[in-house]
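Peer 1: I'll drop the sequence and a predicted model, then ask my questions.
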Amino acid sequence: MGRFGFFVSIEGIEGSGKSTLLYGLKDYVESLGLDVVITREPGGTVFAEGIRDLILHRDEDIDPWTEVFLLIAARRENVVKVILPALRDGKVVISDRFTDSTLAYQGYGRGLPLKKLSLLNKIATSRVFPRLTFLIDLPVEKGLGRKKGRFDRIEKEKLEFHERVRQGYLTLARKAKKRIKVLDGTKDPETLLEEARNLLKKALLEKKKIRGNYED
Ligand code: TMP
């Protein structure tokens, strides 16, 4: 694939089915003969996975801004070490969560100012943002109900918090209609994947990452 690659992110509340979609899309992109790199946030490098562990798996109350700075530090590592090099190599990058998560969770969820969070996102990413974002939307109770095992520090938040995050995501999607595609997470995983594959194919065609005449 020529020149700069193509960056996709997947967003949604807890238990929305992001990972299933991520692996389905990875297989799809590979079937098109394109190189794909998958990553996740917070995480993506050994160091950033360490930060993920600090954020999610310590039973400690941390200040909301401390949480932001940790997320932003992890994002910077993921962008510089994983995402940018892959895009420079012309690859397709698919990230399980990215900058919208910070706006939804720390902005709408925790009530921190979106403007400041956006500025930090810009610094962390050197303004490398996804071309296409899939937002898997579903009722909060349904998503949390799907979660198995112990809840992490953020999953343990009150239902109202998760509801604010969900509504926040939907507001972000309304503000960025072209980039953020909302998928109905109550549909079965195969249907979701099919819808996402079609949208991704269209976007790759538009960006001339693929030619129009291959078989699906
Ligand atoms: P998950 O990737 O398994 O869904 O878990 C990541 C958790 O981290 C999830 O609760 C959302 C949270 N998170 C934020 O609050 N802000 C962020 O910017 C990111 C990337 C994740």
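Peer 2: Received it, and whenever you're ready, just let me know what you need.
Peer 1: For residue 112, which non-adjacent residue is spatially closest?
Peer 2: Nearest residue to residue 112, sequence neighbours excluded (C-beta to C-beta, 6 or more residues apart in numbering): residue 106, at 5.0 Å. C-beta coordinates here come from the backbone N, C-alpha and C atoms, glycine included.
Peer 1: is the helix or strand bottoming out on mean pLDDT in the chain anywhere near the ligand?
Peer 2: None of the helices or strands of the chain scores lower by mean pLDDT, DSSP states H and E than helix 140-146, at a mean of 94. No. Legend: contact between helix 140-146 and the ligand by C-beta under 6 Å from any ligand atom is lacking; minimum distance shown is 9.8 Å.
Peer 1: partners of whatever helix or strand residue 94 lives in, with directions?
Peer 2: Using DSSP states H and E, residue 94 sits in strand 92-96. Strand pairing for strand 92-96, determined by DSSP bridges: strand 6-12 (parallel), strand 36-40 (parallel).
Peer 1: now residue 6, which residues is it bridged with?
Peer 2: Bridge pairing for residue 6 - DSSP bridges - gives residue 92.
Peer 1: Give me the contact list for stretch 148-158.
Peer 2: For stretch 148-158, the surrounding residues in contact (C-beta atoms under 8 Å, 6 or more residues apart in numbering) are 14, 55, 56, 57, 58, 59, 105, 109, 144, 147.
Peer 1: from those residues, which has minimum pLDDT?
Peer 2: On pLDDT alone, residue 59 ranks lowest of those, at 82.
Peer 1: now the residue nearest to residue 112: how far from the ligand?
Peer 2: 6 Å (C-beta to the nearest ligand atom, to the nearest Å).
Peer 1: Assign that residue to helix, strand or coil.
Peer 2: helix (DSSP: H, G, I helix; E, B strand; the rest coil).
Peer 1: Residue 120 too?
Peer 2: Residue 120 ends up helix, using three-state DSSP.
Peer 1: Quick check: closest non-adjacent residue to it.
Peer 2: Nearest non-adjacent residue to residue 120, counting by C-beta to C-beta, 6+ apart: residue 72, 5.0 Å away.
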